[in-house]
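Participant: coords please:
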Amino acid sequence: MENIFKPRTAVIPLVACGLLLLSACVTTAPKAPSIEERAIARWESLFAGEFTRAYEYLSPGYRSSVTAEQYEQSVLQKRIKWVSARYIESECTETSCKVKINIGYTASHALAGVETFHGRGNVEETWLQLNGQWYLVPAR
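Facilitator: Numbering: from 1, shown residues only. The predicted structure follows:
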């Protein structure tokens with residue numbers, strides 16, 4: 001009687017099972033938010049009036065010289081209220097990015113005879129990556 005079990009044909013299913021078991025053991029580190037996600041999340045914090053949360057997106061260097069309360073006051077003193085943000089593009093190196101965002105805004109009493117003005121404009125932001133996290137470097 002011929003031997004139906006051939007060692008070579010048994011190797012393929014064993015290797016496949018081994019690879020399947022190994023793939024189950026692989027863990028993935030949580031993905032850090034992209035520059036686009038970070039930039040839009042900061043703007044969304046500003047829209048929501050969550051200035052403390054928006055402050056956390058600012059670079060550690062900026063935060064070492066401006067308190068959260070000072071930052072909030074500087075935002076509240078503006079006659080502009082931001083209402084929307086749309087990511088356009090970014091140009092990045094390993095540790096820095098220039099990010100373009102299209103901002104929708106409302107300006108109160110900005111023009112004579114016009115109580116409220118609605119507009120859109122592009123802004124360019126500078127972001128730095130420190131310890132794997134992106135931070136905005138505010139323009140002074």
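Participant: This structure: helices as residue ranges?
Facilitator: Taking DSSP state H, the helices of the chain run over residues 7-25, 35-47, 51-55, 60-65, 68-76.
Participant: tell me, which of those helices is the model least confident about?
Facilitator: With a mean of 48, helix 7-25 has the lowest mean pLDDT of the helices of the chain.
Participant: Any idea which residue is closest to the centre of this structure?
Facilitator: R38 (1.5 Å; Cα atoms, centre = their mean).
Participant: Go ahead and confirm that residue touches L128.
Facilitator: No. Using Cβ atoms under 8 Å, R38 is not in contact with L128, being 11.2 Å away. C-beta: built from backbone N, CA, C; applies to glycine.
Participant: which residues do these two both contact?
Facilitator: Here R38 and L128 have W134 as joint contacts, going by Cβ atoms under 8 Å, 6 or more residues apart in numbering.
Participant: Next up, phi/psi of T93, please.
Facilitator: phi -110, psi -170 (degrees, to the nearest 10).
Participant: so how far is T116 from T95?
Facilitator: Distance, T95 to T116, using Cβ to Cβ, to the nearest Å: 41 Å.
Participant: Then G132?
Facilitator: 42 Å.
Participant: Same question for E37.
Facilitator: 31 Å.
Participant: same deal with L46?
Facilitator: In terms of Cβ to Cβ, L46 sits 18 Å off from T116.
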